[in-house]
Each structure stands twice: as C-alpha cells, then as structure tokens.
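Undergrad: for reference, the sequence and a predicted model appear below.
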Amino acid sequence: MSLLVTGVGELLTNDPEHGVGAVGRRHDAALVIEDGRVVWVGDARRAPAADDFHDVEGRAVIPGLVDSHTHLVFAGDRADEFAARLEGRPYDGGGIWTTVAATRAASDDELRHATRERRHQLARSGVTYVEAKSGYGLSVSDEARLVELSGEVADEVTFLGAHVVPEEYRTRREEYVTLVSTEMLGRVPGAHWIDVFCDAGAFSVEEAREILLAGRAAGKGLRLHTNQLADLGGARLAAELAVASADHLTYVSDEDLGALGDAEVVATLLPGAEFSTRSPYPDARRFRERGVVVALATDCNPGTSYITSMTLVIALAVRECHMSVDEAIWSASAGGARALRRNDVGSLRVGSRADLAILDAPRVTHLAYRPGAPLVHALYRRGVREF
Ligand code: NIG
Ligand code: FE
C-alpha cells in the first residue's frame with residue numbers, strides 16, 4: 001500500500017541530493033511512502049501514482065525529530081528545586097538523589113504510565129525516534145528495571161548506572177564504580193549504549209574511563225554527559241575514547257572542541273538544561289567553526305530540564321545558541337541520528353524510514369518564530385499516521 005504525501009509548501013529532506021543546501025530544501029514537493037520507507041521524493045507535479053494520497057495543503061514538512069538524549073523513566077518531580085533555583089540556588093546534581101528515592105518507590109505500572117505520557121508529549125512536538133537512559137535506579141535491580149521500562153517506549157536505550165554515587169556507597173565510591181562496571185552492566189542486555197555523568201559532584205575522568213571501557217568490552221556503544229557544570233577534562237576523555245556523543249558541553253575549551261571534531265564525536269547540546277538551570281548557553285558557532293557536528297535534544301529529566309517539546313528546544317537553540325533555523329532543525333533530526341549513529345532516520349531521502357512531521361505552518365521558520373505554539377499538525381512514524 002503506497003501513500004503519496006502531496007501539496008508540500010516547503011519540504012526539508014536533510015539530504016543535499018534531494019534539494020537545496022544541507023537541509024535539502026524543496027518547494028511544491030511530494031513524497032511517496034511504502035512499507036514504512038520513503039520510496040520517492042520530488043516535484044509535486046511529477047509525482048507518480050499511489051494507492052492513496054494525503055494533500056497537506058501547502059504546509060511545511062520536516063523529517064520526524066530525533067530526541068537523542070532523554071531520561072524519560074522517573075517518578076515524582078522537583079518543582080521546589082526549580083523554584084529555589086530561580087531564587088538563586090545553583091544546580092549541583094544533588095537533587096538526583098530525590099528522584100532516585102521516588103523512582104525506587106514507584107511500581108512498574110506507575111513508571112509506565114508517567115513515561116508513556118512524556119513520550120506522547122514528545123510525539124506531539126514532532127519526535128518520531130527517541131533515546132532514553134536509566135540512571136534513577138542506581139542499584140542492580142533498579143537499573144535493570146529502568147532499562148527494561150525504557151525499552152518499552154524508547155527506540156534506543158542507554159545504561160546510566162553511573163549517574164551519581166548512591167547514598168549507600170557514599171564512603172565506598174570505588175566499590176560502586178566496580179559494581180557498575182561488572183554486575184550491573186551484566187544485567188542490562190536491553191541497553192545498546194552506556195553513559196556516565198562525568199562532572200563536578202558526579203564521576204571523575206578516571207572513574208568514567210574505567211566504566212566506559214568496561215561498557216565497550218561488553219559491546220555497548222559509548223556516550224558521555226560532561227562539562228555541564230565544570231571542565232574536569234571529560235570532553236578530552238570523550239575525544240580520547242571517540243564516544244558517539246558528548247552531551248551538554250556548556251563549559252568547553254576551543255582546544256577540546258577541536259579534539260572532539262577530529263575524533264568525530266557528535267556534540268549534543270541541551271539548551272533546555274541551560275534554560276532550567278539559568279546557565280550560560282553554549283554558542284553553536286564555536287562548535288561549527290571547529291568541525292564538530294551538533295545534535296539537539298531535550299534532556300527530559302525532572303532536575304535540569306523537565307521539557308518534553310523538541311520544538312521549544314529548536315526555538316531556544318535559535319535564540320540562545322546562535323543557530324539558524326535550518327541548522328537547529330537539522331541538528332534536532334539528522335544531528336540526533338548522527339549522535340545515535342543511525343542513517344535510516346532523521347532525513348527524508350529515498351530509503352529513509354517514513355518518519356515525518358507535517359507542520360501547521362507554510363514555512364519551517366515558524367518553529368522558532370512562534371515558540372510555544374502547537375505547530376505539529378500530523379505525524380507519520382514508519383509510514384503510519386500517529387495523529
Ligand atoms: O542530564 N547531568 C546529569 N543528569 C541530568 C540531570 C539529572 C537530574 O538532575 O536529575 C542531566 O542534566
Ligand atoms: Fe542528561
């Protein structure tokens with residue numbers, strides 16, 4: 001059963017061979033999807049016949065957004081911590097423990113319900129592909145449980161047993177590093193990735209290296225939360241290990257950016273975290289000038305970024321990180337795909353997964369120009385219309 005999506009006022013394909021510029025822009029376009037894939041892209045007047053059609057009446061169409069960094073599975077919230085921050089209390093990662101306690105106390109069904117709701121909100125903002133991390137369990141059984149639950153809603157799962165050292169290991173942190181690198185790691189077969197929070201108040205560079213190398217030996221891909229609160233040398237470690245993605249990078253030197261670019265590490269910027277913690281936003285121009293590919297993601301979590309809207313992230317990146325609208329949309333789709341090392345999502349070329357968002361706007365610029373407006377009119381995932 002083939003479907004012709006036609007009447008597209010503006011189409012971003014994210015493929016220079018399918019349109020103009022890095023975003024592969026076309027006007028008056030159409031595409032044909034079949035068996036969950038894009039099989040044709042071109043001028044609407046030359047579109048081939050299909051079994052069915054959807055005339056989008058001049059709306060803009062973009063690739064489904066890829067949210068490559070979330071912490072979707074958690075219980076409770078930290079609204080009081082957020083309010084205190086607005087009165088001047090800085091973020092130091094200490095609140096993670098509050099969420100760990102609430103998450104451990106929640107039943108599977110409670111967590112499922114809350115996580116599904118957040119996943120649904122992401123879809124409403126145009127997300128068709130999502131990564132989710134564990135990290136609010138921090139015991140062997142709770143991390144195994146959160147990885148399983150993440151796999152129920154996310155397309156890719158990351159094991160983040162090394163989020164912070166849990167209370168019960170406060171005086172025995174080496175034992176916790178060993179636990180994460182051995183027994184806990186062995187209990188999370190559903191996680192394709194491993195991540196560490198390498199930052200002030202969390203894990204040191206040496207601890208992060210030990211955990212990531214254990215993950216690599218167990219067959220996991222590597223990612224790193226780093227340089228969010230301070231520059232402890234985590235970005236350098238990310239380059240040394242050539243991790244797939246280094247995330248946050250709020251405080252990073254030009255030299256380390258050069259090393260990340262050389263090692264082909266994607267920089268995942270999370271402006272929702274700067275927004276929610278009142279921190280300085282990273283300037284994406286510095287990354288681009290040093291050849292670093294940038295992804296954008298929500299970092300949805302109850303502490304630093306309780307944000308379930310990728311369109312808000314795009315608007316923040318344009319306004320605060322000095323990205324053009326095209327760059328921000330590319331980073332929120334193709335960039336996220338690169339951060340997850342996938343080439344079948346994040347673009348609309350022939351052969352891509354038929355994941356697309358139809359906007360209630362004639363031009364994609366509206367995504368940054370009208371922040372907060374519910375601009376996603378319809379969403380297709382693997383060729384199936386979700387709403
Ligand atoms: O990505 N930085 C570490 N982890 C999360 C925040 C976790 C929390 O505060 O609950 C983040 O910002
Ligand atoms: Fe995070």
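TA: That came through fine. Residues are numbered from 1 along each chain as shown. Ligands and ions are numbered 1, 2, ... in the order given.
Undergrad: and for residue 95, the neighbour number?
TA: By other C-beta atoms under 10 Å, the residues close to residue 95 number 19. In this view, the C-beta of every residue, glycine as well, is placed from N, C-alpha and C.
Undergrad: please apply the same query to residue 230.
TA: Residue 230: 13 neighbours (other C-beta under 10 Å).
Undergrad: what sits against it?
TA: 199-200, 251 (C-beta atoms under 8 Å, 6 or more residues apart in numbering).
Undergrad: before we move on, what about residue 131?
TA: 67-70, 154-158, 193, 297, 340.
Undergrad: surely it forms part of a helix?
TA: No: Residue 131: not assigned to a helix; according to DSSP: H, G, I helix; E, B strand; the rest coil it is strand.
Undergrad: thinking again about what came up before, so of the contacts of residue 131, which ones are in strands?
TA: 67, 156-158, 193 (DSSP state E).
Undergrad: so which of the residues you listed is the most crowded?
TA: residue 67 (33 neighbours).
Undergrad: run through the bridge partners of it.
TA: residue 130 (DSSP bridges).
Undergrad: does it touch residue 127 like I think?
TA: Yes: here residue 67 reaches residue 127: they are 4.8 Å apart, a contact under C-beta atoms under 8 Å.
Undergrad: any common contacting residues for the two?
TA: In contact with both residue 67 and residue 127: residue 310, using C-beta under 8 Å, 6+ apart.
Undergrad: hmm, who's touching stretch 82-100?
TA: Residues contacting stretch 82-100 (C-beta under 8 Å, 6+ apart): 74-76, 78, 81, 135-138, 163-164, 166-167, 197, 199-202, 229, 276-279, 301-304, 306.
Undergrad: now do stretch 262-271
TA: 68-69, 238-240, 242-249, 257, 260, 281-282, 284, 287, 291-299, 305, 313, 316-317, 320-321, 331, 335-336, 338-339.
Undergrad: run the last query once more with 6 Å
TA: Applying C-beta atoms under 6 Å, 6 or more residues apart in numbering, the contact partners of stretch 262-271 are 69, 238-239, 242-243, 245-249, 281-282, 287, 292-297, 299, 316-317, 320-321, 338-339.
Undergrad: follow-up on the earlier one: which one of the contacts of residue 131 sits closest to residue 353?
TA: Nearest to residue 353 among those, counting by C-beta to C-beta, is residue 155 at 10.2 Å.
Undergrad: enumerate every residue touching the closest one.
TA: So residue 155 contacts 129-130 (C-beta under 6 Å, 6+ apart).
Undergrad: now the strands for the stretch 151-300 of the chain?
TA: 156-162, 193-198, 221-226, 245-248, 266-269, 294-296 (DSSP state E, counting those that start in this stretch).
Undergrad: those into a markdown table, with extra columns for distance to residue 373 and mean pLDDT?
TA: Listed next are those as a markdown table, based on distance: least, C-beta to C-beta, whole Å; pLDDT from 0 to 100:
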| stretch | distance to residue 373 | mean pLDDT |
| --- | --- | --- |
| strand 156-162 | 29 | 99 |
| strand 193-198 | 33 | 99 |
| strand 221-226 | 31 | 98 |
| strand 245-248 | 28 | 99 |
| strand 266-269 | 23 | 99 |
| strand 294-296 | 19 | 99 |
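Undergrad: pick out the residue of the stretch 101-250 of the chain closest to ligand 1.
TA: residue 197 (4.5 Å; C-beta to the nearest ligand atom).
Undergrad: tell me what the spatially closest residue to that residue that is not a sequence neighbour is bridged to.
TA: Excluding the flanking residues, the one nearest residue 197 by C-beta to C-beta, 6 or more residues apart in numbering is residue 225, at 4.4 Å. Beta-bridge partners of residue 225, counted by DSSP bridges, are residue 197, residue 247.
Undergrad: okay, and residue 39 sits in which element?
TA: Take DSSP states H and E as the rule and residue 39 turns out to sit in strand 37-43.
Undergrad: can you tell me the residue of the stretch 251-387 of the chain closest to ligand 1?
TA: Closest point on the stretch 251-387 of the chain to ligand 1, by C-beta to the nearest ligand atom, is residue 303, at 2.2 Å.
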